[in-house]
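1. model the following, please.
(one chain, ligands or ions: 1)
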Amino acid sequence: MSKKAIVIGSGVAGLAASIRLAQKGIETHVFEANDFPGGKINSRLVNGYRFDQGPSLLTCPEYIEEIYTLCGKDFKSFEMADLKSSFKYFFNDGTVLDLKRDNEQVVNEIADKLGEDPETVEKYLKKAEKNYRLIAPLFIERSLHRWRGLLGKQLRQALLKLPSYKLMSTMHQENSRAFKNPRTVQIFNRFAQYNGSHPYMAPAMMNMISHLEINIHPVLPKNGMIQITESLYALAKEQGVQFHLGEPVEKIIVENRKIQGIKTSKGTYSSDFVVSNMDISFTYEKLLPNAKHPKKTLSQEKSSSVLAFYWGIKKSFDQLEVHNMIFSDTDKEEFDAVFHDKSIHAEPSIYLYVSSKIVEGDAPKGCENWFVLLNAPINQGQDWDKHLAEKRAFVIKKMSALLGEDIAPLIEVEEALDPRIVESKYHGKFGSIYGNASNNRFSAFYRHPNYSKEIVGLYFAGVSVHPGGGIPLALNSAKIACECLFQDSKLV
Ligand SMILES: Cc1cc2nc3c(=O)[nH]c(=O)nc-3n(C[C@H](O)[C@H](O)[C@H](O)COP(=O)(O)OP(=O)(O)OC[C@H]3O[C@@H](n4cnc5c(N)ncnc54)[C@H](O)[C@@H]3O)c2cc1C
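-> Prediction:
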C-alpha cells in the first residue's frame, strides 16, 4: 500500500516538498490555512494594478529548474522577463548607479561613479564567487545535522578555507576594509537584507551573497513573481498532489512518538509523514503543545520584518528601473533601530519594485505599480498605524524630491503591509519574514533541522528551519526535508 504524506502550508517550500513527495509515489495532501496557495508569494489585482505581495527578487532559478527536471518538464516553459538592469541605486548626494546585467559594466560603473579601483572590485567579486561555490553545497544544499552528508572532500576544502570566510569579522567590517567609498560599502552591506539580518552584526561570510546579485544577476519571471507559485502549484497538481485550501491544521497527531496524522476544523486525516511548512515556532506552540520543544533553537533572534506600500501611480517615470534602492545616509542607525530598539529610523532606505516596467499588463497604460518597502522590526505591539502614516509621508517627500514632482496626487490605488499582517496572513512568528536572523556566526547551527529528533515521521521545510530565509533557501529546505524522509523510510 502506498504511503501517505501531509504537508502543512503551501508556501514555496510546501509546494516544492509536495512535488518531491508525489514524485516518489507517496499520496500527498497539502493543507493550507489561506484560501490561496503560495504563502508569501502571492499577488493582488486592484483596479487594473497587479502587485506581487511579497518577494520581488529571484536569484538561483536553478533550484526551480531542478523541480521542473524532476517532473520531466522543460524549464524553458518557465519564461523570464528580459531585465536590462539588475539594480538602480540612488544616493542622498545625487549619485546614481545603474548596475546592468553585464559584469564589466558593473565593475566600471562602481569604479567610475564611486571612485573604487576596478581591480579591487573584481577581486572582491571573485572572492565572493569562490566562497559561495565552496559554502553553498555544504551549508545550503545539505542537512547540517546529518554529518554523513557532510563528510568528504568538499567539507575538507571548506574547512581549510575557514580563515578566508572571516567568521570573526562582520560584513560591514570587511566591506569597509575592501572599499574606500562609504557608498560602495552601503551597496555591499545591503546583501544582509537577503535574510533580514544586520550587516554590522552578521558574519563577513555572508558577503558571498553579493555573488548572486552582482556576478550572476537576479531574474524576474515573465509574469512577475507570482509565476513561481502558479507554476509550482500547477506542477504539484499534475503530479497528483491534492490541495485543501482554506483548511488550517489545528493539531499534529502523535502516538508513541510516531506521526499518526493531523486534525483540522473539518476532521482528522491519517498519514505516515507530516512535513510542516508552518513557522517552526508556531508548529511547536500551536500544533504540538505537548511535545518536547527545542527551547534554544526557538529562542534565537528573529529576522527583520517590513512596512510596505502598494501604490498604483498614474504616471510612468523613466528615471526608475524595475528594482531600485533609494539609500539614506544613516544605514547603521537604521539597522540598529530595527534590531536593537525595535523601532523604525526616521529616515530609512527605500526599496522600490516596479514590475510594470517589464511585465505586460501589470499597470494601466502610462501608469506604474509601485511596491515600496522599508525595513521594520518584528511585531512587539508597536503603534503600526502611526508608523505607517509617518513613513507614508516620508516616502512621498523623498520620492517627490527624487523625481522632481509631487507624487501624492498620482497615487490612485493604495494598500499597505506591516508586521501585524505578516504575522496574521502568513503566520510568521512576530511577523519576521525570513525566520531567524543571521546576526551571529553560529546562527546556521542554531536553525532547526529539517526533521524531528523526537517524533518519527515529522519533517520541516521553510524559511524558519535549515538552511534559512529567502526563496532559494526555502526550496533547498524542501529538498533536504524530503531527502531525510526518503532516507529514513528507505525510499532512496
Ligand atoms: C514583503 C516581503 C518581501 C520579500 N522579498 C523577498 C525577495 O525579494 N526574495 C526572496 O527570495 N525572498 C523574499 N521574501 C521572503 C520569501 O517570501 C520567503 O523566504 C519565502 O517565500 C518563504 O517561503 P516558505 O515556504 O518558507 O513560507 P511561507 O511563504 O511563509 O508559507 C507558509 C505557508 O504555511 C501556511 N500555514 C501556516 N500555518 C498553517 C496551518 N496551521 N495550517 C495550514 N497552513 C498553514 C501559511 O498560510 C503559508 O501559506 C520576502 C518576504 C516578504 C514578506
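2. pLDDT-wise, which helix or strand of the protein ranks last?
-> helix 153-160 (a mean of 64; mean pLDDT, DSSP states H and E).
3. what packs against the very next helix or strand once past that helix?
-> Sequence order places helix 171-178 as the next helix or strand after helix 153-160, per DSSP states H and E. Secondary-structure packing of helix 171-178 (3 or more C-beta pairs under 8 Å, 6 or more residues apart in numbering; DSSP states H and E): helix 182-189. Yep, even glycine has a C-beta here, placed from its N, CA and C like the rest.
4. helix 171-178 and the helix it packs on, what's the angle between them?
-> 140 degrees (axes from the mean of the first three to the mean of the last three C-alpha atoms, to 10 degrees).
5. per-residue confidence averaged over helix 182-189?
-> Averaging pLDDT along helix 182-189 yields 96.
6. next: stretch 169-177.
-> 96.
7. how far off centre is it?
-> Mean-position distance between stretch 169-177 and its chain equals 23 Å (C-alpha atoms, centre = their mean, to the nearest Å).
8. and if you look at stretch 466-481?
-> The answer for stretch 466-481 is 10 Å, by C-alpha atoms, centre = their mean.
9. same check on stretch 418-427?
-> How far stretch 418-427 lies from its chain's middle: 15 Å, per C-alpha atoms, centre = their mean.
10. can you check stretch 358-369 too?
-> Worked out by C-alpha atoms, centre = their mean, stretch 358-369 lies 25 Å from the chain centre.
11. what lies in contact with it?
-> With C-beta atoms under 8 Å, 6 or more residues apart in numbering as the test, stretch 358-369 has contacts from 48-51, 81-83, 220, 222-224, 310-317, 320, 322, 354-357, 412.
12. got the end-to-end distance for it?
-> Start and end residues of stretch 358-369 are separated by 11 Å (C-alpha to C-alpha, to the nearest Å).
13. quick one: buried residues of it?
-> Across stretch 358-369, burial judged by 16 or more other C-beta atoms under 10 Å covers 358, 359, 362, 363, 364, 367, 368, 369.
14. likewise stretch 295-308?
-> 297, 298, 300, 301, 302, 303, 304, 305, 306, 307, 308.
15. any residue of it touching the ligand?
-> Yes. Stretch 295-308 lies within reach of the ligand by C-beta under 6 Å from any ligand atom, at 306, 308.
16. that stretch spans what distance, first to last residue?
-> Terminal residues of stretch 295-308 are spaced 32 Å apart (C-alpha to C-alpha).
17. average pLDDT for that stretch?
-> Averaging pLDDT along stretch 295-308 gives 90.
18. ok now it, how far from the chain's centre?
-> Centroid separation for stretch 295-308 versus its chain: 13 Å, with C-alpha atoms, centre = their mean.
19. residue numbering should commence at 262 henceforth.
-> Got it, the first residue is 262 from now on, which makes the last one we talked about stretch 556-569.
20. now do the same for the residue in the stretch 512-661 of the chain that the ligand sits nearest to: its pLDDT.
-> When scored by C-beta to the nearest ligand atom, the stretch 512-661 of the chain has residue 539 as its residue closest to the ligand, at 3.6 Å. We have a pLDDT of 96 for residue 539.
21. identify the residues contacting the residue lying closest to residue 446 once chain neighbours are set aside.
-> Using C-beta to C-beta, 6 or more residues apart in numbering and skipping the chain neighbours, the partner closest in space to residue 446 is residue 436 (4.5 Å). If you count contacts by C-beta under 8 Å, 6+ apart, residue 436 has them with 445, 446, 449, 450, 460, 468.
22. near the ligand, which residues of the stretch 262-411 of the chain are found?
-> By C-beta under 6 Å from any ligand atom, the residues of the stretch 262-411 of the chain that approach the ligand are 269-275, 292-295, 300-302, 315-318.
23. now, the residues you listed that are in strands?
-> Mapping these onto strands (DSSP state E) picks out 269, 292, 293.
24. which residues of the stretch 262-411 of the chain fall in strands?
-> 265-269, 288-293, 304-307, 310-313, 346-351, 357-361 (DSSP state E, counting those that start in this stretch).
25. any chance of JSON lines for those strands, columns mean pLDDT?
-> Formatted as JSON lines, these follow (pLDDT from 0 to 100):
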{"stretch": "strand 265-269", "mean pLDDT": "98"}
{"stretch": "strand 288-293", "mean pLDDT": "98"}
{"stretch": "strand 304-307", "mean pLDDT": "98"}
{"stretch": "strand 310-313", "mean pLDDT": "98"}
{"stretch": "strand 346-351", "mean pLDDT": "96"}
{"stretch": "strand 357-361", "mean pLDDT": "97"}
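26. can I get those in JSON lines including mean neighbour count?
-> Output for the strands of the stretch 262-411 of the chain, formatted as JSON lines (neighbours: other C-beta atoms under 10 Å):
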{"stretch": "strand 265-269", "mean neighbour count": "26"}
{"stretch": "strand 288-293", "mean neighbour count": "24"}
{"stretch": "strand 304-307", "mean neighbour count": "14"}
{"stretch": "strand 310-313", "mean neighbour count": "25"}
{"stretch": "strand 346-351", "mean neighbour count": "21"}
{"stretch": "strand 357-361", "mean neighbour count": "18"}
